[in-house]
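Chemist: Dropping the sequence and predicted coords here.
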Amino acid sequence: MPLDVTPAGCIWNVCHNGKRIQGPFGSKSSAQQALDAIENNPSCKLRACMTCQTEFLSEGPHNRMCNRCRKDARAEYTTDVTV
Ligand SMILES: [Zn+2]
């Protein structure tokens, strides 16, 4: 799987073909841990989000929305937005 841990300033991302699928992480080792967890989980795979069509890392067939859209859905009634 073309997964990679890539630095971005002082944080680290887990990327697939150069596209961030998880992160940011505060250290390389935690990003590497996340990458290992993905590679060791056969039900984890990239899917297109049902809302915005962005590719994201799905935890399984039940998981069809990217993190951002899930966060948006949850944040509907709050103003707490994490950038
Ligand atoms: Zn989405």
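Modeler: Received the coordinates, thanks. Numbering: from 1, shown residues only.

Chemist: Only C-alpha atoms from now on, for both contacts and neighbour counts.
Modeler: Will do.

Chemist: Pretty sure residue 17 sits against residue 3.
Modeler: Yes. Shown here, residue 17 and residue 3 form a contact pair, counting by Cα atoms under 8 Å, at 6.8 Å.

Chemist: Out of the two, name the residue with the larger neighbour count.
Modeler: Using other Cα atoms under 10 Å as the criterion, residue 17 and residue 3 rank with residue 3 on top: 17 against 10.

Chemist: nearest spatial neighbour of that one, skipping sequence neighbours?
Modeler: Once flanking residues are discounted, residue 3 sits nearest to residue 16: 4.6 Å by Cα to Cα, 6 or more residues apart in numbering.

Chemist: I'd like the distance between the one you found and residue 39.
Modeler: Residue 16 sits 12 Å away from residue 39, going by Cα to Cα, to the nearest Å.

Chemist: more neighbours, those two?
Modeler: With neighbours defined as other Cα under 10 Å, residue 16 and residue 39 compare such that residue 16 has more, 20 against 14.

Chemist: Identify the bridge partners of that one.
Modeler: Beta bridges link residue 16 to residue 3, residue 19, judged by DSSP bridges.
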